[in-house]
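S.K.: Generate a structure from the sequence data that follows.
(chains A and B)
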Amino acid sequence: MSIRVRFAPSPTGNVHIGNIRAAIFNWLFARHLGGAFLLRVEDTDRERSTPEAIRTLLDVMAWLGLTYDEAPVYQSAQRARHLAAAEELVRQGHAFRENKEGKGECIVFRMPKEGKVEYHDLVKGPIRKKAEDTQDFVIVRSDGNPVFHLANVLDDIDMRITHIIRGDDHVENTFKHIQIFRAMGVEPPQYAHLPMIVNAMGKPYSKRDGAAFVGEFRDQGFLPEALFNFLALLGWAPGEDREMLTRDEMVAAFTLDRCKSSAARFDIKKLTWMNGEYIRHLPLALFAAEFETRVRAGGWWRDELPVAERVGIMALVQPRTKFFAEIPGNCAYFFHEEYPFDAKSLEKRLHGPGVPELLEAVVAHFATLPVFDHAATEAALRAMGDERGVGLGGMVHPVRVAVSGLSDGPGLFELLVLLGRERVANRLLRVATRLRAGSL
RNA sequence: GCGCCUAUCGUCUAUCGGUUAGGACAUAGGGUUUUCAUCCCUAGAAGCGGGGUUCGACUCCCCGUAGGCGCGCCA
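M.R.: Take a look at the predicted model:
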């Protein structure tokens, strides 16, 4: 029998990393075994399941490359089938009508009263409980709508799902679901319950945690490959101490028996590191597209900048970018002469005595260089530093802040060469003037 | 309260009875460097407690403890 798994989220407008992690594991499982990965949109909650919410869900899946093999199933469209099945369950004595709490007639599913219910979880192993610890439960509300348990199981039957991989907040539901499968005369699928992802405090995510939605990571400039890789490693490990994995490698290595069953904490620092690794290895064209988007959004972009210079800028920026949201804030000086100055750097490197004279001396010295390249600029500043007894650092720091407004960034000499002798001279002179005038 | 599940460095994890308990992130120190990032080296850092089983337990069992989940006419 061919493997068929599904991701069955209810669209709420935001896709939580815990949910998408379940989707990733399902996808990996299906791809590893050559099975089918399906999407079922559990949109029975009409208030939250708006078209925009569904759009967001589909966007996020596409962004992460979670491709599905058949058209998505919309649960709301199956309502009639769910109700008909409930009637059949009543007819066969697996369920009964009841008027609970005076709300009108609902349909209740009968759970076994003796013996035990058990199943073998592919991640957690055998799970069992005594039948007396289970309770009958409503499958059709008195307003005539099917309840989650019923709809979920019937859809899984219709979609011929063979393995259900989901968060372990569902382990208890599984006892109910298995009974519905049996009552429907269908052999229950295999179950695998994944550990939950918890926040930095080790607590379950709540609304106040923020930053737990996939969309927020995308906005911050995390790459889908990095988020996918990182999330795959929460509760699963391929062994052999491997962590940076391509999608193909993950597919090849993924098995449920290598999944852990204890909760995993979401460590944004490690994700950030991993994202930096992915960004460093990004082909220039891809980096360039994201770079331009971010710089435009920051309002610094200039179309007239020569392509060669853009490429030069990116070559300096790409290696030290951890996530794209950092970008407009640390690149202004590449594009504009009106770049902002970091207050601390200004205070520390430019507000000392003699700085204007120093900067002017640098300009004078630079003007004498036969060529304005890395070696020449470095030699020039080194010589001046020695001459003044301040060392190379004593020259580099003020020049860096004067020319960029910041105290960290690319290597200074690469930066100077990129900006060119003219622009460097203009900036240094202008800063010297403003310092004297006290306007900086 | 009842039921189910879980428990290795600060974090993510490896280990499927015998290891100096390994790796990564983070942290600290060092090397390279003008800063940041990168790169290289080094260091510290773990089996929740108690009983068993066994020649031998992180690993298997039991009891505690702690945490999570469930106990809706939510999904």
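S.K.: Can you verify my assumption that A:His193 contacts A:Gly125?
M.R.: No - contact criterion C-beta atoms under 8 Å: A:His193 and A:Gly125 do not qualify, at 10.4 Å. (Each C-beta comes from the backbone N, C-alpha and C, glycine too.)
S.K.: Compare those two (neighbour count), which wins?
M.R.: A:His193 (22 against 8; other C-beta atoms under 10 Å).
S.K.: isn't there a strand covering the more buried one?
M.R.: Yes - counting by DSSP: H, G, I helix; E, B strand; the rest coil, one finds A:His193 located in a strand.
S.K.: That one and RNA strand B: what is the separation?
M.R.: Using C-beta to the nearest atom of the strand, to the nearest Å, we find A:His193 at a distance of 7 Å from RNA strand B.
S.K.: What is the neighbour count of A:Arg436?
M.R.: 12.
S.K.: A:Phe37 too?
M.R.: Residues within reach of A:Phe37, counting by other C-beta under 10 Å, total 21.
S.K.: now swap in A:Leu428 and tell me
M.R.: Using other C-beta under 10 Å, A:Leu428 has 23 neighbouring residues.
S.K.: How about the secondary structure of it?
M.R.: helix.
S.K.: what's the residue lying closest to it once chain neighbours are set aside sitting at in phi/psi?
M.R.: Once flanking residues are discounted, A:Leu428 sits nearest to A:Leu359: 4.4 Å by C-beta to C-beta, 6 or more residues apart in numbering. Note on A:Leu359: its backbone torsions stand at phi -60, psi -40 [degrees, to the nearest 10].
S.K.: Quick check, A:Leu359 in contact with A:Arg434.
M.R.: No - applying C-beta under 8 Å, one finds A:Leu359 not in contact with A:Arg434, separated by 10.5 Å.
S.K.: separation between A:Gly438 and RNA strand B?
M.R.: 26 Å.
S.K.: do the same with A:Gly221
M.R.: 15 Å.
S.K.: how about that residue, what does it touch?
M.R.: By C-beta atoms under 8 Å, 6 or more residues apart in numbering, the residues touching A:Gly221 are A:275, A:290, A:294, A:323-327.
S.K.: now A:Gly420
M.R.: For A:Gly420, the contact set (C-beta under 8 Å, 6+ apart) comprises A:Phe372.
S.K.: What pLDDT is listed against the residue of chain A positioned farthest from its centre?
M.R.: Most distant from the centre of chain A: A:Glu387, at 51.7 Å, with distances by C-alpha atoms, centre = their mean. Predicted confidence (pLDDT) for A:Glu387: 89.
S.K.: before we move on, the earlier item: so if I had to pick from A:Leu359 and A:Arg434, which one is more boxed in?
M.R.: Using other C-beta under 10 Å as the criterion, A:Leu359 and A:Arg434 rank with A:Leu359 on top: 25 against 15.
S.K.: tell me what the helix or strand where A:Ala425 lies is packed against?
M.R.: Per DSSP states H and E: A:Ala425 is located in helix A:421-437. When contacts are defined as 3 or more C-beta pairs under 8 Å, 6 or more residues apart in numbering; DSSP states H and E, helix A:421-437 packs onto helix A:355-367, helix A:391-404.
S.K.: Give me the contact list for it.
M.R.: With contact meaning C-beta under 8 Å, 6+ apart, helix A:421-437 is reached by A:337, A:350-351, A:355-357, A:359-360, A:362-363, A:366-367, A:369, A:372, A:399, A:402-403, A:416, A:419, A:440.
S.K.: If we ignore the residues flanking it in sequence, what's nearest A:Phe324?
M.R.: Nearest non-adjacent residue to A:Phe324, counting by C-beta to C-beta, 6+ apart: A:Gly221, 2.4 Å away.
S.K.: what about that neighbour, distance to A:Ile279?
M.R.: For A:Gly221, the distance to A:Ile279 equals 8 Å [C-beta to C-beta, to the nearest Å].
S.K.: Spit out the residues that contact the two alike.
M.R.: A:323-324.
S.K.: tell me which parts of the stretch 51-200 of chain A are close to RNA strand B?
M.R.: Contact residues, the stretch 51-200 of chain A versus RNA strand B (C-beta under 7 Å from any atom of the strand): A:98-101, A:103-104, A:106, A:124-130, A:133, A:135, A:137-138, A:141-143, A:145, A:147-149, A:168-173, A:195-196, A:198.
S.K.: Kindly supply the ChimeraX command isolating those of the residues you listed that are buried.
M.R.: Of those, the buried ones go into a single ChimeraX selection, burial set by 16 or more other C-beta atoms under 10 Å:
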select /A:106,124,127,137,138,142,145,147,148,149,168,170,171,195,196,198
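S.K.: Might you report the residue contacts of the closest residue to A:His193 other than its chain neighbours?
M.R.: Among residues not flanking A:His193 along the chain, A:Asp168 sits closest, at 3.9 Å (C-beta to C-beta, 6+ apart). Contact partners of A:Asp168, counting by C-beta under 8 Å, 6+ apart, are A:123-124, A:193-196, A:261.
S.K.: Reformat those residues as CSV; add pLDDT.
M.R.: What follows is those, written out as CSV (pLDDT from 0 to 100):
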residue, pLDDT
A:Val123, 95
A:Lys124, 94
A:His193, 96
A:Leu194, 96
A:Pro195, 94
A:Met196, 93
A:Ser261, 91
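S.K.: Any chance of these in JSON lines with distance to A:Asp45 as columns?
M.R.: Shown next, in JSON lines, are these (distance: C-beta to C-beta, whole Å):
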{"residue": "A:Val123", "distance to A:Asp45": "28"}
{"residue": "A:Lys124", "distance to A:Asp45": "28"}
{"residue": "A:His193", "distance to A:Asp45": "23"}
{"residue": "A:Leu194", "distance to A:Asp45": "23"}
{"residue": "A:Pro195", "distance to A:Asp45": "26"}
{"residue": "A:Met196", "distance to A:Asp45": "22"}
{"residue": "A:Ser261", "distance to A:Asp45": "29"}
